[in-house]
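# Dropping the sequence and predicted coords here.
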Amino acid sequence: MNQAGNLAYDVFVNDPPPPDGFLPNGEPKRFSPTASTLIYGSQDAVLTDPGMTADQARALGDWVAAKGRNLTGIFITHGHGDHWFAAGLLAERFGARVVATAGTIAQMRGSVAARPFLWDKLYPGMIKGSQVYAYQLDNQADYEATWQSFNKVIGFDSTNAGPNCPPAKGGQGTAPMRAKWFPPHPGQLLECLTVRDNNGPPQPVFTWTFPTEDAFLVAVGPPNSSFAPLRDWFASASMPLASPSPSAS
């Protein structure tokens with residue numbers, strides 16, 4: 001424990017996730033450990049950088065609980081996913097509020113966009129949360145740039161897309177978006193394709209655009225699954241729980 005005036009702080013270093021492969025010399029690859037700082041007074045506390053995986057959240061949460069303070073806030077210092085993907089688990093456990101600066105939030109949006117095609121590939125099943133991702137941009141220019149970048153990342157090419165969703169096997173499709181839970185607005189579109197990253201198993205992806213709201217949604221199906229669950233979810237009478245984009249607090 002370190003103390004300055006009426007405040008003190010402690011640092012918890014979380015073990016990295018299990019190895020995700022081997023180096024050329026045969027040694028296992030290791031991700032970096034994650035350090036989280038708890039700053040606390042006599043009653044309340046705030047936490048920085050809560051880590052990435054469910055196991056890390058559990059270990060860190062138990063350490064925080066042992067301090068006997070009321071965790072009121074979780075501060076994200078920067079937007080790389082390994083520093084904050086577990087924030088929701090800890091916020092729910094302690095009833096804390098997650099905050100970040102505007103610059104960090106911009107980084108967090110990029111990490112969310114990359115998650116289904118990077119982080120979930122590296123650490124399958126270790127990062128908890130919905131497989132539905134929401135992207136709310138600040139203006140039309142940001143929306144257009146992010147939408148084009150996203151399509152480039154997942155390999156969607158509208159010039160080669162067919163007229164139906166779900167698409168033909170192994171192909172891409174695009175269609176007007178009509179669904180009970182999404183009121184119609186100009187320019188709304190449904191995109192669908194199968195994503196295969198680094199020779200991994202194929203995953204179906206549905207993307208819904210909301211250009212008049214500068215937003216889009218992405219739903220990613222499990223590896224080696226069909227489009228049927230996503231289609232049924234889209235047409236169902238119950239609105240799913242989507243993971244919200246980070247927003248300034």
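On my side now, so go ahead.

# show me where this protein has strands.
2-4, 7-14, 34-40, 44-48, 70-75, 97-99, 132-136, 172-176, 189-195, 203-210, 215-220 (DSSP state E).

# what is the rounded mean pLDDT of the last one?
Spelled out, that is strand 215-220. On average, the pLDDT along strand 215-220 is 83.

# Quick one: residues in contact with it.
For strand 215-220, the external contacting residues (Cβ atoms under 8 Å, 6 or more residues apart in numbering) are 116, 120, 131-137, 143, 147, 150, 195, 203-210, 230, 233-234, 242. Backbone N, C-alpha and C define where each C-beta goes, glycine included.

# Now render the strands of the chain as a markdown table, adding mean neighbour count and distance to Gly61.
As requested, the strands of the chain are exported to a markdown table (neighbours: other Cβ atoms under 10 Å; distance: least, Cβ to Cβ, whole Å):
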| stretch | mean neighbour count | distance to Gly61 |
| --- | --- | --- |
| strand 2-4 | 9 | 21 |
| strand 7-14 | 15 | 10 |
| strand 34-40 | 19 | 10 |
| strand 44-48 | 20 | 10 |
| strand 70-75 | 19 | 9 |
| strand 97-99 | 16 | 14 |
| strand 132-136 | 19 | 24 |
| strand 172-176 | 17 | 42 |
| strand 189-195 | 21 | 33 |
| strand 203-210 | 21 | 30 |
| strand 215-220 | 20 | 27 |
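
# nearest to Ile154, of the ones you listed?
Proximity to Ile154 (Cβ to Cβ) singles out strand 189-195 among those, at 5.5 Å.

# Name every strand pairing with that closest one and say which way it goes.
Using DSSP bridges, the strands paired with strand 189-195 are strand 172-176 (antiparallel), strand 203-210 (antiparallel).

# For that strand, what does the pLDDT average out to?
Per-residue scores along strand 189-195 average to 85.

# now stretch 10-17
Stretch 10-17 comes out at a mean pLDDT of 92.

# got a list of contacts for that stretch?
Contact with stretch 10-17 is made by 1-2, 30-38, 40, 51-53, 55-56, 59-60, 63-64, 67, 123, 126, as judged by Cβ under 8 Å, 6+ apart.

# 10 Å - rerun?
If you take Cβ atoms under 10 Å, 6 or more residues apart in numbering as the criterion, stretch 10-17 is touched by 1-2, 29-40, 45, 47-53, 55-57, 59-60, 62-64, 67, 82, 86, 122-123, 126-127.

# List only those of the residues you listed flagged as buried.
For the contacts of stretch 10-17, a burial check counting by 16 or more other Cβ atoms under 10 Å picks out 31, 34, 36, 38-40, 45, 47-53, 55-57, 60, 64, 82, 86, 123, 126-127.

# Chain neighbours aside, what residue packs nearest to the residue minimising distance to the centre of the chain?
Most central in the chain under Cα atoms, centre = their mean is Val112, positioned 3.7 Å from the mean C-alpha point. Once flanking residues are discounted, Val112 sits nearest to Tyr133: 5.8 Å by Cβ to Cβ, 6 or more residues apart in numbering.
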